[in-house]
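Novice: sequence first, predicted model second:
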Amino acid sequence: MRCPFCQFPDNRVLESRSAESGHSVRRRRECLRCSRRFTTYERIEFVPVVVLKKSGERESFDRSKLLQGIVAACEKTGVAPAKLESIVDEIEAELQQRSAREVSSSEIGELVLQHLQSLNEVAYVRFASIHRQFKGIRDFVETLNHLQNTVESAPAAAVAHAAEPETSEPVTSEPETHHVPEERAGVEAASMSHS
Ligand SMILES: [Zn+2]
């Protein structure tokens, strides 16, 4: 980052501190040529994702809308609300990491199904029935067959699943992992070495 006074490219960092409630880092810098001081802010770039709907309309990705759909599918299945939020987190993080800024709503639906498949069978079939616009019983049967085949073709997963208590969802699940989008803010790391 060039000095705003003399345009010299090198500076040293005098102080770094968290700012904007932890959403950015504020750095006090000193130009190595003119010694004047200036401040930079480093923050994660949040890139808006556009969803292409079946109707051909486009709208910006809406995580609360996605969460609503998952919550509806998981109603009375005993899946912990935090788990549902973490699915949304993971999907959003995945979309953020892609180079394409546009994603179809059907692709998002398939991502949800991937998560639900190992989580809860009822929720999976419910979500699939809405997302894939089931027309009749035949669609349900096909989905159930697919689910059955997937379980059979993945013996390790099936064993792990069978080992879980039938009556209750495992509330002591693995630690929630929140994928933080990679920092895209272009604040140079090189200048750090001067501090
Ligand atoms: Zn300067």
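Specialist: Nice, thanks for sending it over. Numbering: from 1, shown residues only.
Novice: around the ion, pick out the residues from this protein.
Specialist: Cys3, Phe5, Cys6, Phe8, Cys31, Arg33, Cys34 (Cβ under 5 Å from the ion). Yep, even glycine has a C-beta here, placed from its N, CA and C like the rest.
Novice: tell me which of those is nearest to Glu75?
Specialist: Proximity of those to Glu75 was ranked by Cβ to Cβ; the top entry is Cys3 with 58.1 Å.
Novice: the closest one falls within a strand, correct?
Specialist: No - Cys3 is assigned coil when assessed by DSSP: H, G, I helix; E, B strand; the rest coil, not a strand.
Novice: do you know how far it is from Asp10?
Specialist: Distance, Cys3 to Asp10, by Cβ to Cβ, to the nearest Å: 8 Å.
Novice: joint contacts of the two?
Specialist: Taking Cβ atoms under 8 Å, 6 or more residues apart in numbering as the criterion, Cys3 and Asp10 both touch Cys31, Arg33.
Novice: more neighbours: which of the two?
Specialist: Per other Cβ atoms under 10 Å, whichever of Cys3 and Asp10 has more neighbours is Cys3, with 20 against 16.
Novice: and the pLDDT at the closest residue to that one other than its chain neighbours?
Specialist: Leaving aside its sequence neighbours, Cys3 sits nearest to Cys31 (Cβ to Cβ, 6 or more residues apart in numbering; 3.8 Å). Looking at Cys31, its pLDDT is 97.
Novice: Cys31 touches Asn11, doesn't it?
Specialist: Yes - Cys31 is in contact with Asn11 according to Cβ atoms under 8 Å; the separation is 5.0 Å.
Novice: the more surrounded of those two?
Specialist: The neighbour comparison of Cys31 against Asn11 (other Cβ under 10 Å) goes to Asn11, with 26 against 20.
Novice: just to check, that one is in contact with Glu30?
Specialist: Yes - counting by Cβ under 8 Å, Asn11 does reach Glu30; the two are 5.9 Å apart.
Novice: tell me where this protein has strands.
Specialist: 11-19, 24-31, 37-43, 50-52, 58-60, 102-104 (DSSP state E).
Novice: out of those, which gets nearest to Arg138?
Specialist: Comparing these by Cβ to Cβ, strand 102-104 comes nearest, at 24.6 Å.
Novice: show me where pLDDT drops low in this protein?
Specialist: 151, 153-195 (pLDDT under 70).
Novice: hmm, what's the outermost residue in it?
Specialist: Cys34 (43.6 Å; Cα atoms, centre = their mean).
Novice: any idea how far it lies from Cys74?
Specialist: When Cys34 is compared with Cys74 (using Cβ to Cβ), they lie 60 Å apart.
Novice: what residue spans form the domains of this structure?
Specialist: Split into domains by automatic domain parsing, the chain comes to 1-44, 50-162.
Novice: now the longest one: how far from the chain's centre is it?
Specialist: Domain 50-162 sits 14 Å away from the centroid of its parent chain (Cα atoms, centre = their mean, to the nearest Å).
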